[in-house]
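S.K.: Turn this into a model:
(2 chains)
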Amino acid sequence: MKAVCWEGKKNVQVLNVPDPSIINPRDAILKITTTAICGSDLHLYDGYIPTMEKGDILGHEFMGEVVELGGAVKNLKKGDRVVVPFTIACGNCFFCKRDLWSACDNSNPSAATAEMLYGFSGSGLFGYSHMMGGYAGGQAEYVRVPFADVGPVQIPEELSDEQVLFLSDIFPTGYMAAENCNIQPGDTIAVWGCGPVGQFAIKSAYLLGAERVIAIDHVPARLRMAAEEGKAETLNFDDEHVYQKLNEMTGGMGPDACIDCVGLEAHGTTIDALYDRAKTALFLATDRTHALRQAIRACRKGGTVSVPGVYGGFLDKFPFGAAFSKGLTFKMGQTNVHKYLRPLLKLIENEKIDPSFVITHRLNLAQAANGYATFRNNPDECIKVVMTTNGSNTVH
Amino acid sequence: MNERALTPDGSDGGGEQEKDGLLSKAARHPFVTGGAIMVGAGLAYAAVKTIESATDSVAREVHIETSITIDKSPGELYTFWRDFKNLPLFMKNLEAVTLLNDRKSRWTAKGPANTKIEWDAEIYNEIANELIAWRSLEDADVVNAGSVRFERAPAERGTYVRVTMNYNPPAGKIGATIAQLFGAEPSQLIKEDLRRLKQMMEAREIATIAGQTSGRAQIERTATPTEAANISDAES
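M.R.: The predicted structure is shown next:
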């Protein structure tokens, strides 16, 4: 089959590889119909995530048709059309039972490696480094899905792939980010980063009852999408002093909650951002933290900072004093996708949201290398890339 | 206390009691003859700390203690563990355990370059649903002692499984071979075994990517006994 393989920093290639097969009784094999490139795939592309190996198959946002089942999977049958959570979870452990699916104890075969770095290991993830299990991802024609009896959700016929594909990650991720803000009537939510997760965080914040959502970025097309699709007020951090502007907009109080949808590769033009760049370039720090610092400073007293953006290592100049003296609450982590699949599918079915609005590029899987480069280099033109495996290749 | 932990009539062995003075006490053990090599091993294979220590003329004592929480009752876990035939399902380097009688068993572990390490062991202390303590017998390739305790965790969290093991790194060439086989972090090996046990008991299979496809072309391999042992009917 064809699969998108990580061949090194800024080098992905579509290679012919062996088809996947059932390894464990709870596995399923899917024939992929549609898959997407995630912003967090760019962290892999840019070489920020350790323990990638040449030849690893990428991709954690995918859906398709069940073509093979392990002996222990009784709730699916061949031909079922499903979306698969990017987090791999057993459904049986302490964490799964408490809806903390991304903390599953039993799905990461390299838990020891993650333990060494983080103290404890999260769940296995598709296509996201060997520290997170080294599972082959779904930017491919076929994929092996472990614990297929608890992960995949069946999709009604009348919904298109593009409407439901993002249940695999970015829609639940944006939604959990907003849910983590514990939104109350009258709340203002500020969202850093208007990539796809930011777009879903904006929409979700409104769905969960926010009064106002303020979106912060510096890419015009993304700010435009946040305004037009998300109905957010927008701030361009190139033009405006974010803290001051947020203060003005909220009557001197600050946003009730701040969501960092940027993560470890934050861009910025202030002194601390340039300092981060220098430090990460010299490997003195691993993550660039500009957006998170700004969010912590801007957040109102007693507010919440919610972090769906991915961080991998050590943060420098983290303003813990500000967080402490304002009594902030921090909520973060990989998304507990399984918890949100069905409720969010309901929202799509009831036409409360059509997640396909983020798609700007539709490619064929064979064009993946192009897709990565475009997504990486032209953020203004490219917000979300989806790829199909069936030969349709409309390039926008 | 330590003496009892290693004497044939010891009845309260297991746990911390094996911790101190194993070597000196074992040297007086009636089963340990003067020429016996103090090859320490864990459940099946616990290692010496370093090749250096293994080749020291004076062996050092190694004590391992590790634990894991498993969401099953102490009784279920005790029953599974007490059926020693199950142990190779999650203990990576253990090839087989053959029961000789109710208390005695023969253990076979994989050695380097297709060699085998074999020893006989006996259960010398046991409390149903709580404790199993074992030690190797006379003429064993590997002299060791260890215990596993099953303690009910609070608030329906299952069971704390605590494994304790003591052994003395061997001297000489055999010691070096064993060290090579078992690596520098024996406690990590035990921890990984316990993690596999947890996965088997909770998820009914052991998470693995062995044998999956990749851009590195076809990886030829055969299933390990551990993978082959995955239980086929999952609980939902």
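S.K.: Which residue ranges of chain B form strands?
M.R.: Ranges of strands in chain B, per DSSP state E, are B:62-70, B:94-99, B:104-110, B:116-127, B:131-136, B:144-152, B:159-167.
S.K.: now these as CSV including mean pLDDT, distance to chain A and mean neighbour count?
M.R.: C-beta: built from backbone N, CA, C; applies to glycine. What follows is the strands of chain B, written out as CSV (pLDDT from 0 to 100; distance: least, CB to the nearest CB, whole Å; neighbours: other CB atoms under 10 Å in any protein chain shown):
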stretch, mean pLDDT, distance to chain A, mean neighbour count
strand B:62-70, 91, 7, 19
strand B:94-99, 93, 19, 17
strand B:104-110, 89, 20, 20
strand B:116-127, 91, 24, 19
strand B:131-136, 94, 24, 24
strand B:144-152, 94, 15, 22
strand B:159-167, 92, 12, 23
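S.K.: Which of those strands sits closest to A:His338?
M.R.: Smallest distance to A:His338 across the strands of chain B (CB to CB): 21.4 Å, for strand B:62-70.
S.K.: all helices for chain B, in order.
M.R.: B:2-6, B:22-27, B:51-55, B:74-82, B:87-90, B:172-182, B:186-203, B:225-228 (DSSP state H).
S.K.: With the stretch 101-250 of chain A instead?
M.R.: Using DSSP state H, counting those that start in this stretch, the helices of the stretch 101-250 of chain A run over residues A:111-118, A:161-164, A:170-179, A:196-207, A:220-228, A:242-249.
S.K.: Can you give me the buried ones in the last one?
M.R.: Of the residues in helix A:242-249, those buried by neighbour count under the rule 16 or more other CB atoms under 10 Å in any protein chain shown are A:Val242, A:Lys245, A:Leu246, A:Asn247, A:Met249.
S.K.: Out of the strands of chain B, which gets nearest to A:Cys5?
M.R.: strand B:104-110 (33.4 Å).
S.K.: partner strands of the closest one, parallel or antiparallel?
M.R.: strand B:94-99 (antiparallel), strand B:116-127 (antiparallel) (DSSP bridges).
S.K.: Report the inter-axis angle for that strand versus strand B:144-152.
M.R.: If you take axes from the mean of the first three to the mean of the last three CA atoms, to 10 degrees, strand B:104-110 sits at 100 degrees to strand B:144-152.
S.K.: CA atoms of strand B:104-110 as PDB?
M.R.: Output of strand B:104-110 as PDB, limited to C-alpha atoms (Å, rounded to 0.1, in the frame of the first residue of the first chain):
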ATOM      1  CA  LYS B 104       8.400 -27.500  43.500                       C
ATOM      2  CA  SER B 105       8.900 -26.300  40.000                       C
ATOM      3  CA  ARG B 106      11.600 -26.200  37.300                       C
ATOM      4  CA  TRP B 107      12.300 -22.900  35.700                       C
ATOM      5  CA  THR B 108      13.800 -22.400  32.300                       C
ATOM      6  CA  ALA B 109      15.000 -19.000  31.100                       C
ATOM      7  CA  LYS B 110      16.500 -18.000  27.800                       C
END
